[in-house]
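A.B. asks: A predicted structure for the sequence below; I have some questions about it.
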Amino acid sequence: MKLWVNGGLHDAEGALVSVLDHGLTVGDGVFETIKAVEGRPFALEPHLDRLTRSARGLGLPEPDLDEIRRACAAVLEANPMPLGRLRITYTGGVSPLGSDRGDAGPTVVVALGPTKRRPDTTAVITVPWVRNERSALTGLKTTSYAENVVALARAGEQGASEALFGNTVGRLCEGTGSNVFVVLDGQLHTPPLASGCLAGITRALTVEWTGAHETDLPLDVLERADEVFLTSTLRDVQAVHRVDGRELPGAPGPVTAKAMRIFAERAAQM
Ligand code: PLP
């Protein structure tokens, strides 16, 4: 496996980043995960826009998108695979011990691994921890994902593949690595960005292609929604067949099935 580190391709075993990298020591970094089908990245430019927004939000230097585009192309060419996940990591770079960033410049890593198509339906849980819709990091895709790791582990313990968060005022927000949609009386809704959720690329395409409403929803809407689905880069649209203890028989229901179909058709044309 070849990956890109700071300007060039390296064998994965020999690729080095400093142990004093600010991304490692304090989580001062941002990232993107991008699906690659037959070596073609899906929605690369929206992902690069979000990487730039996330980097600006952390006060990192402006990412060199030309380098990152070249890095993605080089990594995809060096590691052919039918379905891959490209991972771009961009951090504050090497710093002396302490909290200040050094001046050696940011770290850029682009790696690729194989991935599998996700099952059409899955189980989710809600967790008692909250997303802070008013944090300095709200909406930024930073490498500080430890809370998501903990929540996802809780989901795994309960036989689920995703954990959903409410925000500090008890509104539905998002999953550890996905956005959430619900169907109420035949209408499709997803929480607005003001809920504190990430501006998912798959979420935006799904809203555009299905006309879903962006609606402020209480977390307990999950107890009565007729259908629930998740969106993310590696899931596309994935139906939910169980939320906590509640079964949603027949998932994917009609609205979800239509969203899955529309997404697959439109995405194939991009
Ligand atoms: N929410 C969070 C916290 C995420 O980490 C992700 C993706 O990793 C998403 C939502 C879904 O975003 P996207 O559709 O761009 O993959």
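C.D. replies: That came in fine, so what should we check first? Numbers count the residues shown, from 1 in each chain.

A.B. asks: Find the nearest non-adjacent residue to the residue sitting nearest the centre point of the chain, please.
C.D. replies: Geometric centre of the chain, nearest residue: G177, 4.6 Å, by C-alpha atoms, centre = their mean. Nearest residue to G177, sequence neighbours excluded (C-beta to C-beta, 6 or more residues apart in numbering): S232, at 5.7 Å. C-beta: built from backbone N, CA, C; applies to glycine.

A.B. asks: What's the separation between the one you found and the ligand?
C.D. replies: Counting by C-beta to the nearest ligand atom, to the nearest Å, the gap from S232 to the ligand is 4 Å.

A.B. asks: If you count contacts, what does the worst-scoring helix or strand of the chain on mean pLDDT end up packed against?
C.D. replies: Scoring the helices and strands of the chain by mean pLDDT, DSSP states H and E places helix 22-26 at the bottom, with a mean of 89. Applying 3 or more C-beta pairs under 8 Å, 6 or more residues apart in numbering; DSSP states H and E, we find helix 22-26 packed against strand 83-91.

A.B. asks: For the helix or strand harbouring E208, what does the pLDDT average out to?
C.D. replies: For E208, the host element (DSSP states H and E) is helix 201-210. Averaging pLDDT along helix 201-210 gives 98.

A.B. asks: That helix near the ligand at all?
C.D. replies: Yes: Helix 201-210 reaches the ligand (C-beta under 6 Å from any ligand atom) through I201, T202, R203.

A.B. asks: Weed out the non-buried ones from those.
C.D. replies: With burial judged by 16 or more other C-beta atoms under 10 Å, the buried subset of the residues of helix 201-210 next to the ligand is I201, T202, R203.

A.B. asks: How about the contacts made by the last one?
C.D. replies: So the one you mean is R203. N179, T190, C197, T231 (C-beta atoms under 8 Å, 6 or more residues apart in numbering).

A.B. asks: go with 7 Å
C.D. replies: N179, T190, T231 (C-beta atoms under 7 Å, 6 or more residues apart in numbering).

A.B. asks: Now do the strands in the stretch 51-200 of the chain.
C.D. replies: Applying DSSP state E, counting those that start in this stretch to the stretch 51-200 of the chain gives strands spanning 83-91, 107-114, 121-131, 162-167, 172-175, 179-184, 187-190.

A.B. asks: Turn those strands into TSV, columns for distance to the ligand.
C.D. replies: Listed next are the strands of the stretch 51-200 of the chain as TSV, based on distance: least, C-beta to the nearest ligand atom, whole Å:
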stretch	distance to the ligand
strand 83-91	10
strand 107-114	15
strand 121-131	8
strand 162-167	9
strand 172-175	5
strand 179-184	5
strand 187-190	11
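
A.B. asks: now the ones you listed in CSV, with distance to H213 and mean neighbour count?
C.D. replies: Shown next, in CSV, are those (distance: least, C-beta to C-beta, whole Å; neighbours: other C-beta atoms under 10 Å):
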stretch, distance to H213, mean neighbour count
strand 83-91, 30, 21
strand 107-114, 36, 20
strand 121-131, 20, 18
strand 162-167, 18, 24
strand 172-175, 13, 26
strand 179-184, 10, 24
strand 187-190, 5, 20
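
A.B. asks: Would you convert the ones you listed into a markdown table that also reports distance to T210 and mean pLDDT?
C.D. replies: Formatted as a markdown table, the strands of the stretch 51-200 of the chain follow (distance: least, C-beta to C-beta, whole Å; pLDDT from 0 to 100):
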| stretch | distance to T210 | mean pLDDT |
| --- | --- | --- |
| strand 83-91 | 24 | 97 |
| strand 107-114 | 30 | 96 |
| strand 121-131 | 18 | 97 |
| strand 162-167 | 20 | 98 |
| strand 172-175 | 18 | 98 |
| strand 179-184 | 8 | 98 |
| strand 187-190 | 6 | 98 |
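
A.B. asks: what's around A204, how many residues?
C.D. replies: By the criterion of other C-beta atoms under 10 Å, A204 has 16 neighbours.

A.B. asks: what comes up buried for the next helix or strand after the least confident helix or strand of the chain?
C.D. replies: Remark: after helix 22-26, the chain's next helix or strand is strand 29-37, criterion DSSP H and E. For strand 29-37, burial by neighbour count (16+ other C-beta under 10 Å) applies to G29, V30, F31, E32, T33, I34, K35, A36.
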